[in-house]
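Student: Output the structure for:
(one chain, ligands or ions: 1)
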Amino acid sequence: MGLVTMKYEMKRAMKGGYAVPAFNFFSFDNLVGIAKAAAEKKSPVIAMATTGGIKVMGEKAVVKMAEGISADYGIDMVLHLDHCTDIELLKRCVDNGFTSVMIDSSKKEFDENVADTCYCVDYAAKYGVTVESELGHVGGKEDDIVVDDMSVMFTQPEKALEFVNLTGIDCLAVAVGTVHGFYKAKPQLDFPRISAINKLIPGCPLVLHGGTGVPYDDFREAIRRGVRKINVGTELKVHGVFDPSVAGYNDPASKQDPRAVSKLVIAKVSSICSEIIDVMGSAGKA
Ligand SMILES: [Zn+2]
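Tutor: As a prediction, this is how the structure comes out:
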């Protein structure tokens, strides 16, 4: 138990034909809720700190928190840095004990994306830390990265092969029709594209971003076609904090006792995560 790399979990997921759920967290309570669900479901789990979240919590505290919580719950946990455009921050996270990082230079030109990614792969290799990178662009809103829905660019399979060969990354985030945040219209996943990419780079697990609001059957189909990590963030951002729609948040007892609020947040996060773990097929795979 404790922190493990994403490479380790991806290898097992490829063998087992399931996806490992990746959840964003923004506070101690969020992370406890994630760990609780993983422990109860005996599921592998990826806990993702965002760059914005780290600005609030601090990278050293995040690492210690993840180490402590995974030990308390007796689980393996991947501590992952989500969507990092700041290479200095990424290096600090690697130095301080994150077991996985995502460099996101997907908005840059192909060659620059390759160069940034190669630099991070080299740096992370010192500690055996996993590197995820993105090719193509997943639209929508993720922290301070905002993309116009119109500019969404899907991942080209041949480019993906070239990118993986040039960079040696451990997993690839693909743009196949999901967006970050809530969907304005029903998401249209390009399933043949997932299969085409997977066929060209069968050894490189694929990552699906923008999981909130995607129908569960679409998740299952994406997993059948080679997706091995699915990111869910927005749902936890909305319900993993003080959500007035959750019964109890407005009780007088909650207002006077922060522990009462923490318990509600943990329970809510844990129930969201448990439901998603069942869809990923990762329950019992820890
Ligand atoms: Zn994302």
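Student: The one helix or strand D278 maps to: which residues count as buried?
Tutor: Under the criterion of DSSP states H and E, D278 resides in helix 258-280. For helix 258-280, a neighbour-count test (16 or more other Cβ atoms under 10 Å) marks 261-262, 264-266, 268-270, 272-274, 276-277, 279-280 as buried. Every C-beta, even on glycine, is put in place using the N, C-alpha and C of the backbone.
Student: Kindly report the same for stretch 222-230.
Tutor: Judged by neighbour count using 16+ other Cβ under 10 Å, the buried positions of stretch 222-230 are A222, I223, R225, G226, V227, R228, K229, I230.
Student: how about these in a markdown table, adding secondary structure and pLDDT?
Tutor: Shown next, in a markdown table, are the buried residues of stretch 222-230 (DSSP: H, G, I helix; E, B strand; the rest coil; pLDDT from 0 to 100):
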| residue | secondary structure | pLDDT |
| --- | --- | --- |
| A222 | helix | 97 |
| I223 | helix | 98 |
| R225 | coil | 97 |
| G226 | coil | 97 |
| V227 | strand | 98 |
| R228 | strand | 98 |
| K229 | strand | 98 |
| I230 | strand | 96 |
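Student: Just flag the most distant two among these.
Tutor: Distance extremes for the buried residues of stretch 222-230: the farthest pair is R225 and K229 at 13.6 Å, using Cβ to Cβ.
Student: Just the helices from this structure, written as ranges.
Tutor: 6-16, 28-41, 51-57, 59-73, 87-96, 110-125, 157-167, 191-200, 216-224, 234-239, 252-256, 258-280 (DSSP state H).
Student: Of the ones you listed, flag the one that's most buried.
Tutor: Of all these, helix 28-41 has the most neighbours on average by mean count of other Cβ atoms under 10 Å, namely a mean of 24.
Student: Now do it: which elements does it pack against?
Tutor: If you count contacts as 3 or more Cβ pairs under 8 Å, 6 or more residues apart in numbering; DSSP states H and E, helix 28-41 packs onto strand 20-25, strand 46-49, helix 59-73, helix 258-280.
Student: Tell me the one among the buried residues of helix 258-280 nearest to the ion.
Tutor: Here the nearest of these to the ion, counting by Cβ to the ion, is I276; it sits at 15.1 Å.
Student: okay, the closest one: pLDDT?
Tutor: Listed pLDDT for I276 reads 96.
Student: Quick check: beta-bridge partners of the closest residue to it other than its chain neighbours?
Tutor: Once flanking residues are discounted, I276 sits nearest to P21: 5.2 Å by Cβ to Cβ, 6 or more residues apart in numbering. Residues in a beta bridge with P21, per DSSP bridges, are I230.
Student: isn't P21 right up against S282?
Tutor: Yes. Counting by Cβ atoms under 8 Å, P21 does reach S282; the two are 6.2 Å apart.
Student: coming back round to it: so who does the residue nearest to I276 touch?
Tutor: S43, V45, I46, K229, I230, V232, C273, I276, I277, M280, S282 (Cβ atoms under 8 Å, 6 or more residues apart in numbering).
Student: so the fifth one touches A13, yeah?
Tutor: No. Using Cβ under 8 Å, I230 makes no contact with A13, being 10.6 Å away.
Student: okay, and the common contacts of those two?
Tutor: A19, V20.
Student: Include distance to G17 when you put the buried residues of stretch 222-230 into a markdown table, please.
Tutor: Below are these laid out as a markdown table (distance: Cβ to Cβ, whole Å):
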| residue | distance to G17 |
| --- | --- |
| A222 | 12 |
| I223 | 7 |
| R225 | 11 |
| G226 | 10 |
| V227 | 11 |
| R228 | 9 |
| K229 | 14 |
| I230 | 14 |
